[in-house]
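[1] Could you look at this predicted model? Sequence included:
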Protein chains: 2
Amino acid sequence: MLIGEYIHTIDEKNRVSMPAKFRKELGKKIIITPGLDSCLFIFTIKEWEKVSKKLSDSENDLSFLKADQRSFNRYMFGRAAEVEIDSIGRILIPDFLKDRIGLKDKAAIIGVEDRVEVWNDKVWSQNQEAVEKQAGELAEKLGNSHSL
Amino acid sequence: MLIGEYIHTIDEKNRVSMPAKFRKELGKKIIITPGLDSCLFIFTIKEWEKVSKKLSDSENDLSFLKADQRSFNRYMFGRAAEVEIDSIGRILIPDFLKDRIGLKDKAAIIGVEDRVEVWNDKVWSQNQEAVEKQAGELAEKLGNSHSL
DNA sequence: TATCAAGTGGGAAAAAGTGGGAAATTTTAA
DNA sequence: TTAAAATTTCCCACTTTTTCCCACTTGATA
């Protein structure tokens, strides 16, 4: 399971070290996509196959016939990248994804069960401060809606 | 799987480089057609066969009126072109397709699972900015309909 | 203090993308 | 029908980006 928070440098070549603790589970290749909220999602190939199967949809209709589907697919596939983890554990973050979440200098790399998230470190810490305050409320809300 | 965003130059001879990452999957010949939402669709020959079968199959459940289907098929088939990828990975975009989406200088070339889309780069980025704002909603909407 | 693992930085080689000239082909006009 | 003009195709060369490899730094451990 992927857990924990790591703050790593992003260098001028757009490289970031994956935390050593994540490497085994992630394997050699990963998929990096825009996430929801201002972060990126990193999936293992296996996990991505599950996700993309669900995205590409319904049996044998042509997915491009529905406007909503087109928009969302463009967003998730069009702005995704298959990335290799290099021999010493680094990945390359494509510019278009880096720009999307305002990455520079430092990235917060977060394990969230079966995926990894990448945040601008400042945004991450602000976000956490905010969540901290509501954590109690959130737990109750979730608890009510699907019996946590 | 075709994924990712690439911004490439379109030169005075109407040539554009296919992203190197797409070339293997696309093969030597491709079909380029007008797409939906001010872009062009590029299919592999194989994928095109699937698509055209589904579009022309009267048994399918496209929820189109017949007359509409005819019009749509004229649109997709009538203005499609078979194009070769040259020895260094470039394609030629026919003028009538180029004009249709206002291509000049820079093209955004997008992998969307099993097709490639070609956009005017400005139009693409505006489009994505808009989608970005609704991504959460869209995810929930699609998530409800087929349990993302 | 020596050693090892993890993270960071940078140079050199390779690959990808871009531009343009010349040959081949097609079109146009006499 | 032929020659000139225009367009298309093929090939080469330059520039930029990416990839690969090596080395340094830091911090934890024995």
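    Received, thanks. Numbers count the residues shown, from 1 in each chain, chains lettered A, B, ... in the order given.
[2] how close does the closest residue to A:Lys13 other than its chain neighbours get to chain B?
    If the residues on either side of it in the chain are set aside, A:Lys13 comes closest to A:Leu92, at 7.5 Å by C-beta to C-beta, 6 or more residues apart in numbering or on different chains. (Each C-beta comes from the backbone N, C-alpha and C, glycine too.) Remark: distance between A:Leu92 and chain B (C-beta to the nearest C-beta, to the nearest Å) = 12 Å.
[3] And for A:His8?
    Taken as C-beta to the nearest C-beta, the spacing of A:His8 relative to chain B amounts to 23 Å.
[4] Return the residues in contact with that residue.
    A:16-17, A:19, A:106-107, A:109 (C-beta atoms under 8 Å, 6 or more residues apart in numbering or on different chains).
[5] any idea how far the residue sitting nearest the centre point of chain A lies from A:Ile7?
    In chain A, the C-alpha nearest the mean C-alpha coordinate belongs to A:Phe41, at 0.8 Å (C-alpha atoms, centre = their mean). According to C-beta to C-beta, to the nearest Å, A:Phe41 stands 18 Å off from A:Ile7.
[6] thinking A:Cys39 is in contact with A:Trp119, fair?
    Yes - counting by C-beta atoms under 8 Å, a contact exists between A:Cys39 and A:Trp119, whose distance comes to 4.6 Å.
[7] joint contacts of these two?
    When contacts are counted by C-beta under 8 Å, 6+ apart, A:Cys39 and A:Trp119 have A:101, A:110 as shared neighbours.
[8] More neighbours: which of the two?
    A:Trp119 (26 against 23; other C-beta atoms under 10 Å in any protein chain shown).
[9] How about residues contacting the helix or strand harbouring that one?
    Using DSSP states H and E, A:Trp119 maps to strand A:115-120. Applying C-beta under 8 Å, 6+ apart, the set of residues contacting strand A:115-120 from outside is A:2, A:16, A:18, A:22, A:26, A:32, A:35, A:38-43, A:47, A:93, A:101-104, A:106-110, A:127.
[10] could you redo the last one with a cut-off of 7 Å?
    For strand A:115-120, contacts defined as C-beta atoms under 7 Å, 6 or more residues apart in numbering or on different chains pick out A:2, A:22, A:35, A:39-43, A:47, A:101-103, A:107-110.
[11] what about A:Gln69, how many residues close to it?
    Neighbours of A:Gln69 using other C-beta under 10 Å come to 20.
[12] ugh, typo on my part, it should be A:Lys104
    Close neighbours of A:Lys104, defined as other C-beta under 10 Å, add up to 11.
[13] which parts of chain A sit against DNA strand D?
    Listed as neighbours of DNA strand D in chain A under the rule C-beta under 7 Å from any atom of the strand: A:13, A:84, A:86-88, A:92.
[14] which other helices and strands contact whatever helix or strand A:Val83 lives in?
    Mapping A:Val83 onto the secondary structure by DSSP H and E places it in strand A:81-84. Judged by 3 or more C-beta pairs under 7 Å, 6 or more residues apart in numbering or on different chains; DSSP states H and E, strand A:81-84 is in contact with strand A:29-34, strand B:2-9.
[15] go again using 8 Å as the cut-off
    For strand A:81-84, the helices and strands in contact under the criterion 3 or more C-beta pairs under 8 Å, 6 or more residues apart in numbering or on different chains; DSSP states H and E are strand A:29-34, strand A:90-92, strand B:2-9.
[16] Report the secondary structure state of A:Asp86.
    For A:Asp86, the reduced secondary structure class is coil; criterion used: DSSP: H, G, I helix; E, B strand; the rest coil.
[17] Now do the contacts for it.
    A:Arg15.
[18] and what of A:Lys53?
    Contact criterion C-beta under 8 Å, 6+ apart gives no residues in contact with A:Lys53.
[19] how close does it get to B:Asp57?
    From A:Lys53 over to B:Asp57 (counting by C-beta to C-beta), the distance is 23 Å.
[20] could the helices and strands packed on strand A:81-84 be laid out in TSV, adding mean pLDDT?
    As requested, the helices and strands packed on strand A:81-84 are exported to TSV (pLDDT from 0 to 100):
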stretch	mean pLDDT
strand A:29-34	96
strand A:90-92	98
strand B:2-9	98
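[21] Those: which one's closest to B:Lys133?
    Proximity to B:Lys133 (C-beta to C-beta) singles out strand A:29-34 among the helices and strands packed on strand A:81-84, at 12.5 Å.
[22] hmm, the closest one touching DNA strand C?
    No - between strand A:29-34 and DNA strand C, judged by C-beta under 7 Å from any atom of the strand, nothing touches; the nearest distance is 14.8 Å.
[23] Summarise which helices and strands that strand is packed against.
    Using 3+ C-beta pairs under 8 Å, 6+ apart as the contact test, the elements touching strand A:29-34 are strand A:40-44, helix A:45-56, helix A:67-76, strand A:81-84, helix A:95-100.
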